[in-house]
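Asks: build me a model:
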Amino acid sequence: MSIVERVVPVILVLLAVGGVVVVSEPPDEPREPRWPPSMVDYLGLARRAWRDPAFAVLDKIAPCPDVVPRRSVLRSGGST
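Replies: Coordinates of the predicted model:
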């Protein structure tokens, strides 16, 4: 399971429109994009340019689609 698959459902439960989340990135360079722009846009997030590449800063700019499971994440301890 990728970081996005683990982190995004929690972000969507806890983050309201207008909120910001900062995610620590691993020290090695990822082989593929960890935050694909198409996925970030689809979920109502926007990746903010940040001076330190050790962090991904995501702004919640719109509600996510209803098809994305959110409520069950907290009840089930992270699995959907």
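Asks: show me the contacts for residue 45.
Replies: Going by C-beta atoms under 8 Å, 6 or more residues apart in numbering, residue 45 touches 11, 58-61. Using the backbone N, CA and C atoms, a C-beta is placed for each residue, glycine as well.
Asks: is it fair to say residue 38 lies in a helix?
Replies: Yes - membership of residue 38 in a helix is supported by DSSP: H, G, I helix; E, B strand; the rest coil.
Asks: rewinding a little: which pair of the contacts of residue 45 spans the longest distance?
Replies: The largest separation in these, counting by C-beta to C-beta, is between 11 and 61 at 12.7 Å.
Asks: more neighbours: the two, which one.
Replies: residue 11 (19 against 14; other C-beta atoms under 10 Å).
Asks: for stretch 8-19, buried residues please.
Replies: Of the residues in stretch 8-19, those buried under the neighbour-count criterion (16 or more other C-beta atoms under 10 Å) are 8-9, 11-12, 15.
Asks: ok, residue 33 to residue 54 distance?
Replies: 16 Å (C-beta to C-beta, to the nearest Å).
Asks: rewinding a little: what is the nearest of the contacts of residue 45 to residue 40?
Replies: residue 58 (6.9 Å).
Asks: next up, the contacts around the closest one.
Replies: Applying C-beta under 8 Å, 6+ apart, the residues near residue 58 are 11, 20-23, 35, 40, 45-48.
Asks: many thanks, I have nothing further to ask.
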